[in-house]
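J.: Predicted model and sequence below, questions to follow.
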Amino acid sequence: MYRAPDGTSYYVVDGHVHFWDGSPANQRNVYGKGFIECFYAYHRNLSPPEWVWPEDKFQKYDEATLIRDLFEEGYVDRAIFLPTYLKDFFVHGFNTTEQDAVLKARYPDRFILNGSFDPRDGDGALEYLEHLVATYHIQGVKLYTAEWRGSSRGWKLTDPEAKRCLARCQELGVRNIHVHKGPTIWPLNRDAFDVADVDDAATSFPELNFIVEHCGLPRLEDFCWIATQEPNVYAGLAVAIPFIYRRPRYFAEVLSELLFWVGEDRILFASDYAIWSPKWIIERFVDFQLPEDIRQETGVDLTPEAKKKILGLNAARLYGLEVPEERRPASATA
(Lines give C-alpha, C1' and ligand atoms only; values in the text may rest on other atoms or scores of the structure.)
Protein backbone atom coordinates (compact mmCIF):
# COMPACT_ATOMS: atom_id res chain seq x y z
CA MET A 1 0.00 0.00 0.00
CA TYR A 2 1.08 3.54 -0.69
CA ARG A 3 -0.31 6.37 1.38
CA ALA A 4 0.26 9.72 -0.31
CA PRO A 5 1.12 12.89 1.62
CA ASP A 6 -2.51 14.00 1.27
CA GLY A 7 -3.66 10.81 3.02
CA THR A 8 -4.99 9.02 -0.06
CA SER A 9 -4.33 5.27 0.05
CA TYR A 10 -3.45 3.29 -3.06
CA TYR A 11 -3.73 -0.46 -3.54
CA VAL A 12 -0.71 -1.45 -5.63
CA VAL A 13 -0.40 -4.41 -7.97
CA ASP A 14 2.94 -4.54 -9.74
CA GLY A 15 1.93 -6.14 -13.00
CA HIS A 16 5.37 -7.15 -14.26
CA VAL A 17 8.13 -8.55 -12.03
CA HIS A 18 10.90 -11.11 -12.45
CA PHE A 19 13.31 -13.16 -10.35
CA TRP A 20 15.93 -13.76 -12.99
CA ASP A 21 19.39 -15.30 -13.21
CA GLY A 22 21.47 -13.48 -15.81
CA SER A 23 24.78 -14.27 -14.12
CA PRO A 24 27.82 -15.33 -16.18
CA ALA A 25 27.48 -18.85 -14.77
CA ASN A 26 24.02 -19.13 -16.33
CA GLN A 27 24.82 -17.44 -19.65
CA ARG A 28 24.86 -20.09 -22.34
CA ASN A 29 26.51 -17.91 -25.00
CA VAL A 30 27.21 -14.36 -26.16
CA TYR A 31 23.50 -13.83 -26.65
CA GLY A 32 22.77 -14.40 -22.98
CA LYS A 33 25.53 -11.97 -22.09
CA GLY A 34 24.20 -9.38 -24.51
CA PHE A 35 20.62 -9.81 -23.33
CA ILE A 36 21.30 -9.00 -19.68
CA GLU A 37 23.66 -6.18 -20.68
CA CYS A 38 20.84 -4.64 -22.73
CA PHE A 39 18.54 -4.85 -19.69
CA TYR A 40 21.24 -3.21 -17.59
CA ALA A 41 21.56 -0.34 -20.06
CA TYR A 42 17.84 0.41 -19.66
CA HIS A 43 18.25 0.24 -15.90
CA ARG A 44 21.29 2.49 -15.80
CA ASN A 45 20.03 5.09 -18.26
CA LEU A 46 16.47 5.54 -16.97
CA SER A 47 16.89 5.15 -13.18
CA PRO A 48 17.69 8.00 -10.79
CA PRO A 49 21.41 7.73 -9.91
CA GLU A 50 20.73 6.61 -6.34
CA TRP A 51 18.71 3.66 -7.66
CA VAL A 52 21.36 2.28 -10.03
CA TRP A 53 22.70 -1.13 -8.95
CA PRO A 54 26.19 -2.55 -9.55
CA GLU A 55 26.10 -4.74 -12.63
CA ASP A 56 26.86 -7.98 -10.79
CA LYS A 57 23.93 -7.43 -8.42
CA PHE A 58 21.67 -6.65 -11.38
CA GLN A 59 22.67 -9.89 -13.11
CA LYS A 60 21.54 -12.00 -10.15
CA TYR A 61 19.90 -10.60 -7.01
CA ASP A 62 18.73 -12.60 -4.02
CA GLU A 63 15.34 -13.34 -2.55
CA ALA A 64 15.78 -10.94 0.37
CA THR A 65 16.49 -8.05 -2.01
CA LEU A 66 13.38 -8.76 -4.06
CA ILE A 67 11.09 -9.03 -1.03
CA ARG A 68 12.45 -5.82 0.48
CA ASP A 69 12.27 -3.82 -2.76
CA LEU A 70 8.76 -4.91 -3.65
CA PHE A 71 6.89 -5.31 -0.38
CA GLU A 72 8.82 -3.86 2.53
CA GLU A 73 9.93 -0.61 0.91
CA GLY A 74 8.23 -0.60 -2.49
CA TYR A 75 4.54 -0.29 -1.46
CA VAL A 76 3.47 -3.32 -3.52
CA ASP A 77 0.49 -5.32 -2.24
CA ARG A 78 0.63 -8.04 -4.90
CA ALA A 79 3.19 -8.73 -7.63
CA ILE A 80 2.64 -10.64 -10.86
CA PHE A 81 5.45 -12.90 -12.00
CA LEU A 82 5.87 -12.83 -15.79
CA PRO A 83 8.31 -15.58 -16.83
CA THR A 84 10.81 -15.32 -19.67
CA TYR A 85 12.42 -18.64 -20.51
CA LEU A 86 15.14 -17.90 -23.11
CA LYS A 87 16.69 -21.35 -22.79
CA ASP A 88 18.69 -20.85 -25.98
CA PHE A 89 20.51 -18.03 -24.16
CA PHE A 90 20.61 -19.21 -20.54
CA VAL A 91 21.55 -22.68 -19.26
CA HIS A 92 18.73 -23.00 -16.73
CA GLY A 93 16.46 -20.44 -18.33
CA PHE A 94 16.36 -16.75 -17.51
CA ASN A 95 13.22 -16.59 -15.38
CA THR A 96 10.96 -19.63 -15.65
CA THR A 97 7.61 -20.42 -14.06
CA GLU A 98 9.25 -23.20 -12.06
CA GLN A 99 11.86 -20.79 -10.66
CA ASP A 100 9.18 -18.25 -9.76
CA ALA A 101 7.00 -20.95 -8.19
CA VAL A 102 9.52 -21.41 -5.38
CA LEU A 103 8.87 -17.85 -4.17
CA LYS A 104 5.14 -18.13 -4.78
CA ALA A 105 5.11 -21.12 -2.41
CA ARG A 106 6.98 -19.16 0.26
CA TYR A 107 4.87 -16.01 -0.09
CA PRO A 108 1.49 -17.23 -1.38
CA ASP A 109 -0.33 -14.01 -0.51
CA ARG A 110 2.24 -11.77 -2.19
CA PHE A 111 2.76 -13.20 -5.65
CA ILE A 112 0.57 -14.14 -8.58
CA LEU A 113 2.28 -16.87 -10.59
CA ASN A 114 1.87 -16.91 -14.36
CA GLY A 115 3.04 -19.46 -16.86
CA SER A 116 3.97 -19.46 -20.52
CA PHE A 117 3.83 -21.56 -23.66
CA ASP A 118 5.76 -21.72 -26.89
CA PRO A 119 3.52 -22.78 -29.80
CA ARG A 120 6.56 -24.03 -31.70
CA ASP A 121 6.48 -27.03 -29.34
CA GLY A 122 3.30 -28.27 -31.05
CA ASP A 123 1.37 -30.73 -28.90
CA GLY A 124 4.04 -30.28 -26.23
CA ALA A 125 2.94 -26.67 -25.77
CA LEU A 126 -0.62 -27.79 -24.99
CA GLU A 127 0.64 -30.46 -22.59
CA TYR A 128 2.87 -27.97 -20.80
CA LEU A 129 0.03 -25.47 -20.51
CA GLU A 130 -2.22 -28.14 -19.01
CA HIS A 131 0.57 -29.11 -16.59
CA LEU A 132 0.95 -25.50 -15.41
CA VAL A 133 -2.79 -25.19 -14.78
CA ALA A 134 -2.97 -28.49 -12.92
CA THR A 135 0.19 -27.86 -10.87
CA TYR A 136 0.13 -24.14 -10.19
CA HIS A 137 -3.47 -23.07 -10.98
CA ILE A 138 -2.21 -20.24 -13.16
CA GLN A 139 -4.60 -17.51 -14.30
CA GLY A 140 -2.34 -16.06 -16.97
CA VAL A 141 0.61 -16.55 -19.29
CA LYS A 142 3.44 -14.36 -20.51
CA LEU A 143 4.26 -14.72 -24.20
CA TYR A 144 7.56 -13.69 -25.73
CA THR A 145 6.97 -13.78 -29.46
CA ALA A 146 10.53 -12.81 -30.41
CA GLU A 147 12.19 -15.58 -28.42
CA TRP A 148 14.75 -17.53 -30.43
CA ARG A 149 14.34 -21.28 -30.66
CA GLY A 150 16.94 -23.11 -32.73
CA SER A 151 16.73 -21.66 -36.23
CA SER A 152 13.44 -19.88 -35.49
CA ARG A 153 13.63 -16.17 -34.74
CA GLY A 154 10.13 -15.76 -33.38
CA TRP A 155 6.43 -16.46 -33.92
CA LYS A 156 3.08 -14.65 -34.13
CA LEU A 157 -0.19 -14.85 -32.23
CA THR A 158 -1.83 -15.52 -35.59
CA ASP A 159 0.20 -18.69 -36.26
CA PRO A 160 -2.05 -21.80 -36.34
CA GLU A 161 -0.20 -23.43 -33.43
CA ALA A 162 -0.46 -20.23 -31.39
CA LYS A 163 -4.21 -20.14 -31.99
CA ARG A 164 -4.46 -23.73 -30.74
CA CYS A 165 -2.74 -22.68 -27.53
CA LEU A 166 -4.93 -19.61 -27.08
CA ALA A 167 -8.04 -21.72 -27.62
CA ARG A 168 -6.82 -24.11 -24.92
CA CYS A 169 -6.19 -21.16 -22.59
CA GLN A 170 -9.80 -20.11 -23.13
CA GLU A 171 -11.01 -23.64 -22.37
CA LEU A 172 -8.86 -23.90 -19.22
CA GLY A 173 -9.83 -20.50 -17.85
CA VAL A 174 -6.38 -18.98 -18.31
CA ARG A 175 -7.82 -15.59 -19.16
CA ASN A 176 -4.93 -13.14 -18.87
CA ILE A 177 -2.54 -13.21 -21.82
CA HIS A 178 0.44 -10.93 -21.22
CA VAL A 179 2.32 -10.35 -24.46
CA HIS A 180 5.67 -8.57 -24.76
CA LYS A 181 5.09 -6.02 -27.48
CA GLY A 182 7.72 -3.41 -26.80
CA PRO A 183 11.33 -2.47 -27.32
CA THR A 184 13.71 -5.03 -28.72
CA ILE A 185 16.31 -6.56 -26.41
CA TRP A 186 19.50 -7.56 -28.18
CA PRO A 187 19.80 -9.90 -30.06
CA LEU A 188 16.05 -10.40 -30.61
CA ASN A 189 14.43 -9.14 -33.80
CA ARG A 190 12.41 -5.94 -33.63
CA ASP A 191 9.73 -7.04 -36.07
CA ALA A 192 8.92 -10.13 -34.01
CA PHE A 193 7.51 -7.82 -31.31
CA ASP A 194 5.19 -5.98 -33.72
CA VAL A 195 1.70 -5.39 -32.27
CA ALA A 196 -0.27 -6.18 -35.46
CA ASP A 197 -1.07 -9.79 -34.48
CA VAL A 198 -2.82 -8.63 -31.29
CA ASP A 199 -5.73 -7.36 -33.38
CA ASP A 200 -6.71 -10.73 -34.83
CA ALA A 201 -6.05 -12.60 -31.57
CA ALA A 202 -8.22 -10.26 -29.50
CA THR A 203 -11.09 -10.57 -31.96
CA SER A 204 -10.75 -14.34 -32.23
CA PHE A 205 -10.65 -14.92 -28.47
CA PRO A 206 -13.05 -12.45 -26.84
CA GLU A 207 -13.02 -14.28 -23.50
CA LEU A 208 -9.30 -13.62 -23.08
CA ASN A 209 -7.69 -10.41 -21.85
CA PHE A 210 -4.63 -9.35 -23.85
CA ILE A 211 -2.33 -7.26 -21.68
CA VAL A 212 0.13 -5.72 -24.12
CA GLU A 213 3.28 -5.24 -22.09
CA HIS A 214 5.17 -2.02 -22.79
CA CYS A 215 2.00 -0.73 -24.55
CA GLY A 216 3.52 -1.50 -27.94
CA LEU A 217 6.43 0.96 -27.71
CA PRO A 218 7.85 2.14 -30.04
CA ARG A 219 4.60 1.39 -31.94
CA LEU A 220 2.31 3.31 -29.60
CA GLU A 221 0.07 4.67 -32.35
CA ASP A 222 -0.50 1.22 -33.83
CA PHE A 223 -1.29 -0.16 -30.40
CA CYS A 224 -3.80 2.60 -29.61
CA TRP A 225 -5.68 2.12 -32.87
CA ILE A 226 -5.98 -1.60 -32.11
CA ALA A 227 -6.87 -1.23 -28.43
CA THR A 228 -9.56 1.36 -29.00
CA GLN A 229 -11.60 -1.14 -31.04
CA GLU A 230 -10.77 -4.27 -29.02
CA PRO A 231 -12.34 -4.05 -25.52
CA ASN A 232 -10.25 -6.97 -24.23
CA VAL A 233 -6.89 -5.29 -24.92
CA TYR A 234 -5.03 -3.60 -22.07
CA ALA A 235 -1.89 -1.46 -21.84
CA GLY A 236 0.94 -2.47 -19.51
CA LEU A 237 3.16 0.46 -18.48
CA ALA A 238 6.44 -1.43 -18.06
CA VAL A 239 9.26 0.46 -19.83
CA ALA A 240 6.98 3.45 -20.44
CA ILE A 241 6.58 4.55 -16.83
CA PRO A 242 10.30 4.90 -15.92
CA PHE A 243 10.50 7.79 -18.38
CA ILE A 244 8.68 9.74 -15.67
CA TYR A 245 12.15 10.57 -14.30
CA ARG A 246 14.40 11.23 -17.30
CA ARG A 247 11.77 12.24 -19.87
CA PRO A 248 8.63 13.39 -18.01
CA ARG A 249 7.25 15.19 -21.05
CA TYR A 250 7.61 12.05 -23.15
CA PHE A 251 5.91 9.99 -20.45
CA ALA A 252 3.08 12.52 -20.32
CA GLU A 253 2.62 12.21 -24.08
CA VAL A 254 2.54 8.40 -23.92
CA LEU A 255 0.16 8.32 -20.99
CA SER A 256 -2.17 10.93 -22.44
CA GLU A 257 -2.45 8.92 -25.66
CA LEU A 258 -3.35 5.82 -23.65
CA LEU A 259 -5.91 7.73 -21.59
CA PHE A 260 -7.42 9.25 -24.75
CA TRP A 261 -7.66 6.06 -26.80
CA VAL A 262 -7.79 3.19 -24.29
CA GLY A 263 -9.08 4.83 -21.10
CA GLU A 264 -8.12 4.68 -17.45
CA ASP A 265 -9.86 1.32 -16.90
CA ARG A 266 -7.46 -0.56 -19.19
CA ILE A 267 -4.01 0.67 -18.13
CA LEU A 268 -1.88 -1.36 -15.70
CA PHE A 269 1.06 -0.25 -13.58
CA ALA A 270 4.25 -2.30 -13.90
CA SER A 271 7.79 -1.63 -12.68
CA ASP A 272 9.47 -4.39 -14.72
CA TYR A 273 11.46 -5.23 -11.59
CA ALA A 274 14.41 -5.57 -11.34
CA ILE A 275 15.04 -3.32 -14.31
CA TRP A 276 13.47 -0.67 -12.09
CA SER A 277 12.34 -0.59 -8.45
CA PRO A 278 8.70 0.30 -7.74
CA LYS A 279 9.29 2.68 -4.81
CA TRP A 280 10.58 5.68 -6.71
CA ILE A 281 8.23 5.12 -9.64
CA ILE A 282 5.10 4.95 -7.47
CA GLU A 283 6.06 8.06 -5.51
CA ARG A 284 6.64 10.04 -8.69
CA PHE A 285 3.53 8.70 -10.41
CA VAL A 286 1.20 9.68 -7.57
CA ASP A 287 2.67 13.19 -7.65
CA PHE A 288 2.62 13.40 -11.45
CA GLN A 289 0.31 15.73 -13.35
CA LEU A 290 -0.23 16.01 -17.09
CA PRO A 291 0.99 19.35 -18.49
CA GLU A 292 -1.78 21.86 -19.07
CA ASP A 293 -1.31 22.01 -22.83
CA ILE A 294 -1.66 18.23 -23.12
CA ARG A 295 -4.81 18.27 -21.00
CA GLN A 296 -6.25 21.02 -23.18
CA GLU A 297 -5.44 19.22 -26.43
CA THR A 298 -6.59 15.72 -25.45
CA GLY A 299 -9.35 16.53 -22.97
CA VAL A 300 -8.00 13.88 -20.57
CA ASP A 301 -6.61 14.22 -17.08
CA LEU A 302 -4.73 12.01 -14.63
CA THR A 303 -7.04 12.22 -11.63
CA PRO A 304 -6.52 10.53 -8.25
CA GLU A 305 -9.23 8.04 -9.20
CA ALA A 306 -7.41 7.25 -12.46
CA LYS A 307 -4.18 6.75 -10.54
CA LYS A 308 -5.92 4.30 -8.19
CA LYS A 309 -7.16 2.28 -11.13
CA ILE A 310 -3.80 2.25 -12.90
CA LEU A 311 -1.71 1.44 -9.81
CA GLY A 312 -3.71 -1.58 -8.80
CA LEU A 313 -7.45 -1.69 -9.18
CA ASN A 314 -7.45 -2.62 -12.87
CA ALA A 315 -5.10 -5.56 -12.32
CA ALA A 316 -7.06 -6.57 -9.22
CA ARG A 317 -10.20 -6.79 -11.36
CA LEU A 318 -8.48 -8.99 -13.96
CA TYR A 319 -7.12 -11.36 -11.32
CA GLY A 320 -10.08 -11.33 -8.93
CA LEU A 321 -8.19 -9.79 -6.01
CA GLU A 322 -9.99 -8.48 -2.94
CA VAL A 323 -9.22 -4.78 -2.42
CA PRO A 324 -9.56 -3.21 1.05
CA GLU A 325 -12.52 -0.82 1.14
CA GLU A 326 -10.48 2.31 1.88
CA ARG A 327 -8.48 1.79 -1.29
CA ARG A 328 -11.37 1.30 -3.69
CA PRO A 329 -12.60 4.08 -5.94
CA ALA A 330 -15.12 6.43 -4.39
CA SER A 331 -17.83 5.14 -6.76
CA ALA A 332 -17.32 1.59 -5.46
CA THR A 333 -17.64 2.51 -1.80
CA ALA A 334 -20.61 4.85 -2.05
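T.: Received, thanks. Numbers count the residues shown, from 1 in each chain.

J.: all contacts plus neighbour counts: C-alpha atoms, from now on.
T.: Will do.

J.: From the rest of the structure, what touches the helix with the most length in the chain?
T.: Secondary structure assigned by DSSP state H gives helix 30-46 as the longest helix of the chain. Residues outside helix 30-46 that contact it (Cα atoms under 8 Å, 6 or more residues apart in numbering): 22, 24, 27, 52-53, 55, 58-59, 89-90, 185-187, 242-243, 245-246, 275-276.

J.: Now, of the residues you listed, which are buried?
T.: 22, 27, 52-53, 58-59, 89-90, 185-187, 242-243, 245, 275-276 (16 or more other Cα atoms under 10 Å).

J.: quick one: which of the residues you listed sit in strands?
T.: Under the assignment DSSP state E, those contribute nothing to strands.

J.: If you rank every helix and strand of the chain by mean pLDDT, what lands last?
T.: helix 330-333 (a mean of 56; mean pLDDT, DSSP states H and E).

J.: gap between the longest helix of the chain and the chain center?
T.: 18 Å (Cα atoms, centre = their mean, to the nearest Å).

J.: Now that helix: buried residues?
T.: So helix 30-46, judged by 16+ other Cα under 10 Å, has buried residues 31-40, 43-44, 46.

J.: before we move on, what about stretch 231-240?
T.: 232, 233, 234, 235, 236, 237, 238, 239, 240.

J.: out of these, what pair is the most spread apart?
T.: Farthest pair in the buried residues of stretch 231-240 (Cα to Cα) is 232 and 239. Separation: 21.3 Å.

J.: just checking, residue 250 touches residue 243?
T.: Yes - taking Cα atoms under 8 Å as the definition, residue 250 is a contact partner of residue 243 at 7.0 Å.

J.: Determine the number of other residues adjacent to residue 57.
T.: Neighbours of residue 57 under the rule other Cα atoms under 10 Å: 12.

J.: ok, it to residue 72 distance?
T.: 19 Å (Cα to Cα, to the nearest Å).

J.: With residue 114 instead?
T.: Distance from residue 114 to residue 72, by Cα to Cα: 22 Å.

J.: Between these two, tell me which one has more neighbours.
T.: Neighbours per residue (other Cα under 10 Å) separate residue 114 from residue 72, with residue 114 holding more: 27 against 14.

J.: does the more buried one really touch residue 95, like I thought?
T.: No - judged on Cα under 8 Å, residue 114 makes no contact with residue 95 at a distance of 11.4 Å.

J.: Quick check: neighbours shared by the two?
T.: With contacts taken as Cα under 8 Å, 6+ apart, the residues that reach both residue 114 and residue 95 are residue 83.

J.: Now do stretch 79-97: distance from first to last residue.
T.: Stretch 79-97 stretches 14 Å from its first residue to its last (Cα to Cα).
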